[in-house]
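[1] starting from these lines, generate the structure:
(one chain, ligands or ions: 3)
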Amino acid sequence: MTDSDNEAPIPPRLAQIGLTSDHWLPWLVHARLHPQTELARVAKDLRSQYYVRGLEGENDETLVECAPELLRDARKGHALRPVVGDWVSVVKLTGQSIAFIETVFPRRSQFVRRRAGQALREQTIAANLDLVLVMTAVDGDFNPRRLERYLTLAYEAQVEPVVVLSKVDLLGEGVEALLELCRPVTGSARIICTNHQDLATLLPIRDLIAPGRSVACLGSSGVGKSTLINLLLGTTRQHVAQVRKDGKGRHTTTTRDLLVAPGGGVIIDTPGMRELGLWEAETGVREAFADVANVASSCRFLDCKHRLEPGCAVQSALKIGALAPQRVASFLKLEQELAEHEEVNRGGRKNRESSGGRRR
Ligand SMILES: Nc1nc2c(ncn2[C@@H]2O[C@H](COP(=O)(O)OP(=O)(O)O)[C@@H](O)[C@H]2O)c(=O)[nH]1
Ligand SMILES: [Mg+2]
Ligand SMILES: [Zn+2]
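    Ligands and ions are numbered 1, 2, ... in the order given. This is a model prediction of the structure:
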């Protein structure tokens, strides 16, 4: 790469949708080799087709397809299958009415869970994020154990989590007590309380979104993700559930959507996830459970399972009340889940290997 390439500035229309030098510099190299291609960002994944943003001369989303070669390589595990948030190169072939995604650029981060109902497959929810808003409503939705899972997956993705407690208008005076309940679980993550009727409560979130930044909003359906995003965008672009007679919202957002904030930067709306299985999240668990992991580092045995081993610092901390039993129980449960997952994965690989080549 020459100096002049390094100096080529990021076009404003791409900075608006979150482009940083992480992807701009690889793109400049790519563009030199493939001059007929354009850089774009995946805004919506319809499985067989995609909407992308950022193409020259387009203010909004453009419908494109995935090149068959890319799909084939992705199936074999040689390439990434595009997901929302990905930076991709798009090519328009002469005589074709639709453009094709032909390359997915390496991701700087990705939020991955185990695919619902299947132990052996992963699912990437969104790519190239700087921050995730883990949203939970203070009414019936509040569940510290689910919060722990979200935080674990965020830390594993190396994406900073911010916890959003929504609908605080429903709780009145009880917010402080809920925060007390929350803090041991959220650790060093910031907590922001919101109420959709008080716009001032949304300002701290608005300040987290800026040009070059990509923020995803995660949480169960009905917690108010689309409502928040509409208010931040100043539009009614995202469909919001009608309140049911029992006061709960209904699931309405069905796709992950990347939207552009008025001041630049993007926010990704997601449908609620009913299952939040961990996928290779050893690091994430240790960060989300820093309180337990710190104590565990003093156990006598390196491979202590923190159950009946002599010299177990976790059990000692439990006895004197220095760790909360719920936290330790969650930690052990998630560690166990990861160990089982690892076991199944290894078994799966072995079966595939041993049957390989023997079939006629
Ligand atoms: N009381 C109250 N209701 C809210 C708040 N935010 C959203 N809602 C309501 O919760 C329901 C679900 O909202 P929606 O944005 O569709 O949730 P999503 O499924 O997470 O996208 C709607 O009826 C909203 O009006 C809030 O701060 N307070
Ligand atoms: Mg929604
Ligand atoms: Zn131990």
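[2] where's Arg307, which helix or strand?
    Under DSSP states H and E, no helix or strand contains Arg307.
[3] quick one: is stretch 164-173 near ligand 2?
    No. Stretch 164-173 lies out of reach of ligand 2 by C-beta under 5 Å from the ion, never closer than 11.9 Å. C-beta here means a position set from N, CA and C on the backbone, and glycine is covered the same way.
[4] same question for stretch 273-289.
    No. Using C-beta under 5 Å from the ion, stretch 273-289 stays clear of ligand 2, with a minimum separation of 11.9 Å.
[5] phi and psi next, for Thr186.
    Comment: the main-chain dihedrals of Thr186 come out as phi -90, psi -10, following degrees, to the nearest 10.
[6] contacts only, for the closest residue to it other than its chain neighbours.
    Counting by C-beta to C-beta, 6 or more residues apart in numbering, the nearest residue to Thr186 once its immediate chain neighbours are dropped is Val163, at 5.0 Å. If you count contacts by C-beta atoms under 8 Å, 6 or more residues apart in numbering, Val163 has them with Val134, Thr136, Leu147, Leu151, Cys182, Thr186, Ala189, Arg190, Ile191, Ile192.
[7] neighbour count, pLDDT and distance to Ser21 for these - can I get that in JSON lines?
    Conversion of these to JSON lines gives the following (neighbours: other C-beta atoms under 10 Å; pLDDT from 0 to 100; distance: C-beta to C-beta, whole Å):
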{"residue": "Val134", "neighbour count": "24", "pLDDT": "95", "distance to Ser21": "28"}
{"residue": "Thr136", "neighbour count": "23", "pLDDT": "93", "distance to Ser21": "34"}
{"residue": "Leu147", "neighbour count": "22", "pLDDT": "92", "distance to Ser21": "33"}
{"residue": "Leu151", "neighbour count": "23", "pLDDT": "94", "distance to Ser21": "28"}
{"residue": "Cys182", "neighbour count": "20", "pLDDT": "90", "distance to Ser21": "36"}
{"residue": "Thr186", "neighbour count": "20", "pLDDT": "93", "distance to Ser21": "31"}
{"residue": "Ala189", "neighbour count": "21", "pLDDT": "94", "distance to Ser21": "27"}
{"residue": "Arg190", "neighbour count": "13", "pLDDT": "96", "distance to Ser21": "26"}
{"residue": "Ile191", "neighbour count": "15", "pLDDT": "96", "distance to Ser21": "31"}
{"residue": "Ile192", "neighbour count": "18", "pLDDT": "97", "distance to Ser21": "29"}
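[8] among those residues, name the ones in strands.
    The strands, defined by DSSP state E, take in Val134, Thr136, Arg190, Ile191, Ile192 from the contacts of Val163.
[9] so which two of these are the farthest from each other?
    The widest separation within the ones in strands among the contacts of Val163, taken as C-beta to C-beta, falls between Thr136 and Arg190 and amounts to 14.0 Å.
[10] pass me the low-pLDDT residue ranges in the stretch 201-350 of the chain, would you?
    Where the stretch 201-350 of the chain drops to pLDDT under 70, the residues are 237, 241-253, 345, 347-350.
[11] mind doing that once more with 50?
    Per-residue confidence for the stretch 201-350 of the chain (pLDDT under 50) gives these ranges: 244-251.
[12] what does it put close to ligand 3?
    Applying C-beta under 5 Å from the ion, we find that the stretch 201-350 of the chain lies next to ligand 3 at Cys299, Cys304, His306, Cys312, Val314.
[13] wait, doesn't the fourth one sit right on Ser297?
    No. Applying C-beta atoms under 8 Å, one finds Cys312 not in contact with Ser297, separated by 11.9 Å.
[14] okay, those two: which has more neighbours?
    Taking Cys312 and Ser297 together and counting by other C-beta atoms under 10 Å, Cys312 has the greater number of neighbours (20 against 11).
[15] which residues touch the more buried one?
    For Cys312, counting by C-beta under 8 Å, 6+ apart, the contacting residues are Cys299, Arg300, Cys304, His306.
[16] dihedrals phi and psi, the third one?
    When quoted as degrees, to the nearest 10, the phi and psi of Cys304 stand at phi -60, psi 130.
[17] for the residue sitting nearest the centre point of the chain, which three-state class applies?
    To find the centre residue of the chain, average its C-alpha atoms and take the closest one (C-alpha atoms, centre = their mean): that gives Phe111, at 3.5 Å. Each residue gets one of three states, and Phe111 gets strand by DSSP: H, G, I helix; E, B strand; the rest coil.
[18] and it, what does it touch?
    Thr124, Ile125, Ala126, Ala127, Leu129, Val132, Leu153, Ala154, Ala157, Val159, Ala216, Leu218.
[19] which helix or strand contains the third one?
    Going back to what we said before, that points to Ala126. Using DSSP H and E, the element containing Ala126 is strand 122-127.
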